[in-house]
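Novice: Sequence first, then the predicted structure, then my questions.
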Amino acid sequence: MKSVAQAKFWMPEDKPEYLSLVRSNSKTGRPDTKDQFLLDQAELLRMLVAEANEEEIEDANRRIQYGLPEYGADYLPNGLLNNPQTPLALIWTYPAEPGATLADWRDGIMDALEAPDASPEELKEEVSGLSLESYLSRLL
């Protein structure tokens, strides 16, 4: 698995919450579809978990538990981020309530994909501050 430092990224202008990995086979240098964007987000979350230490993962698991409705963790795999299935489940299939941060983020994906690209400076600044904690703050 690539590290975050080795990965290629894309971000729409003025929408840092949609910072995304770019797959090496992307012809456009950005996610080509909403489905590809969601898969790339799940992969980015997996990469951030793989690079995090145990304390950061425990903090992130607590953030997920307390950042979702009371029943929220019931929809995610046991072990939360200790389970490799959780990133895809959280990003793609978790039933976020209307008005929740995750639901709003999902609703804005198409607008983000249609937005112009961020400047290289804006992208570099956002990537330099990327962490498991900062990533989850976009969703919860």
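Specialist: Received it, and whenever you're ready, just let me know what you need. Numbers count the residues shown, from 1 in each chain.
Novice: Any stretches of the protein with poor pLDDT?
Specialist: Counting by pLDDT under 70, the chain shows low-confidence ranges at 1-2.
Novice: what are the ranges of the helices in it?
Specialist: 34-51, 54-67, 86-88, 101-107, 109-114, 120-128, 132-139 (DSSP state H).
Novice: Need the residue closest to the centroid of this protein.
Specialist: residue 41 (4.2 Å; CA atoms, centre = their mean).
Novice: Now for the residue nearest to that residue when sequence neighbours are not counted: which residues touch it?
Specialist: Excluding the flanking residues, the one nearest residue 41 by CB to CB, 6 or more residues apart in numbering is residue 91, at 4.8 Å. In short, each C-beta sits where N, CA and C put it, glycine included. The neighbourhood of residue 91, defined by CB atoms under 8 Å, 6 or more residues apart in numbering, consists of 38, 41-42, 45, 139.
Novice: Please report the distance of the closest residue to residue 138 other than its chain neighbours from residue 40.
Specialist: Among residues not flanking residue 138 along the chain, residue 17 sits closest, at 4.3 Å (CB to CB, 6+ apart). Look at residue 17 and residue 40: by CB to CB, to the nearest Å, they are 14 Å apart.
Novice: For those two, indicate the residue with more neighbours.
Specialist: Higher neighbour count among residue 17 and residue 40: residue 40, with 22 against 16, using other CB atoms under 10 Å.
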